[in-house]
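Novice: coords please:
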Amino acid sequence: MSAERPEQATVDRAVRHLADQPGTARPEKGHESAEHRAPERLRSIGQLLTRLKADFPQVTISKIRFLESEGLIRPRRAPSGYRRYSTADEERLRYILRVQRDHYLPLKVIGEHLELIDRGLQPQPLDDLTPQLPPEDTPTGPLPERATPIRLARGELLEASGLSEAALVELERFQIVMPNRGTVHYGRDALAIARAAKRLAEFGFDARHLRAIKMSADREVGLVEQAIAPYVRRAGGNRELVADVVNHVIDAHAALVRTAFQR
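Specialist: Numbers count the residues shown, from 1 in each chain. Down below sits the predicted model:
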């Protein structure tokens, strides 16, 4: 018999753990009473993060909270109000993080898989899934962990974003959308910018406006690089540290923009 695939083993464990949750129907085994079962150990978000870091080095507390805000995980709350995570919650998170990293499934599809797992059913085998282009309605959140790279020809970028050739030429003139370094193909960020440019054009934004946004982003990058340079040197150029800081900067930037508009 061949060894069980790691991805399928994760699904199986998630099904077993979720089946053990209160309110989930399961067959009786010798009328085992709740008093004779050891109390389940619940972990804080910090303890959970420590356990996940070994397999998912780029995961952050903000990423875990984002997945909760999307309804993909539902931790319990202690009387003090702090989140408490069970073993089933950890397995659920591992499943989400793995399919995001290895298959880059949209959150909607991940949610459908989890619904099947909650019902004790098996979702579609992960080996049958192929990486997909990020959908236009992908929620804003922390950067995906080791997202599967995409490689788009010019025509494919135009088709996926809805941009016209003239609009793309103008964005390239201001170096807002660019091919991957040393190639003629476009990556995931180029697609995200092209899609945003197409939508913003409906509200009067043109390449000159986006150039101002790019200049602001370039200034932020300079500030981040200057601030974290000593830590990066001590960490031996650890890219994961940089990615974590970038996620926090993105969160702060988005919150500041929303706050400014609310005023």
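Novice: For Glu170, give me its contacts.
Specialist: Asp206, Ala207 (C-beta atoms under 8 Å, 6 or more residues apart in numbering). Quick note: C-beta positions are derived from backbone N, CA and C, even for glycine.
Novice: SS state for it?
Specialist: State at Glu170, reduced to three classes by DSSP: H, G, I helix; E, B strand; the rest coil: helix.
Novice: How about Arg151, nearest residue that isn't a chain neighbour?
Specialist: Leaving aside its sequence neighbours, Arg151 sits nearest to His185 (C-beta to C-beta, 6 or more residues apart in numbering; 4.7 Å).
Novice: Quick check: Ile117 vs Leu72, distance?
Specialist: Per C-beta to C-beta, to the nearest Å, Ile117 is found 11 Å from Leu72.
Novice: which one of the two has more residues nearby?
Specialist: Ile117 (22 against 17; other C-beta atoms under 10 Å).
Novice: what about the stretch 101-250 of the chain, any weak spots by pLDDT?
Specialist: 104, 126-148, 235, 237-239 (pLDDT under 70).
Novice: Pull up the overlap in contacts between Ile117 and Leu72.
Specialist: Arg92.
Novice: Buried ones in stretch 55-68, by neighbour count?
Specialist: Phe56, Gln58, Val59, Thr60, Lys63, Ile64, Arg65, Phe66, Leu67, Glu68 (16 or more other C-beta atoms under 10 Å).
Novice: try stretch 245-255
Specialist: Those buried within stretch 245-255 under the rule 16+ other C-beta under 10 Å are Val245, Val246, Asn247, Val249, Ile250, Asp251.
Novice: can you give me how far that stretch is from the chain middle?
Specialist: 14 Å (C-alpha atoms, centre = their mean, to the nearest Å).
Novice: With secondary structure and distance to Asp189 as extra columns, can I get the buried residues of stretch 245-255 in CSV?
Specialist: Converted to CSV, those look like this (DSSP: H, G, I helix; E, B strand; the rest coil; distance: C-beta to C-beta, whole Å):
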residue, secondary structure, distance to Asp189
Val245, helix, 17
Val246, helix, 12
Asn247, helix, 14
Val249, helix, 15
Ile250, helix, 12
Asp251, helix, 18
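Novice: From these, pick the one nearest Leu105.
Specialist: Comparing the buried residues of stretch 245-255 against Leu105 with C-beta to C-beta picks out Asn247 as the nearest, at 19.9 Å.
Novice: I figured that closest one hits Ser62, correct?
Specialist: Yes. Contact status for Asn247 versus Ser62: in contact at 6.3 Å, counting by C-beta atoms under 8 Å.
Novice: and Gly222, how far is that from Ala229?
Specialist: 11 Å.
Novice: the helices in the protein, which residues?
Specialist: Assigned by DSSP state H, the helices in the chain fall at 6-19, 45-53, 61-69, 87-103, 107-118, 154-161, 165-173, 188-201, 207-234, 239-262.
Novice: Just name the most buried of the ones you listed.
Specialist: Counting by mean count of other C-beta atoms under 10 Å, helix 87-103 has the highest mean neighbour count of the helices of the chain, with a mean of 20.
Novice: Run the chain-centre distance for that helix.
Specialist: Put simply, helix 87-103 sits 11 Å off its chain's centre (C-alpha atoms, centre = their mean).
Novice: Which elements pack onto it?
Specialist: Identification of packing neighbours for helix 87-103 by 3 or more C-beta pairs under 8 Å, 6 or more residues apart in numbering; DSSP states H and E yields helix 6-19, helix 45-53, helix 61-69, helix 107-118.
Novice: Done for today, thanks.
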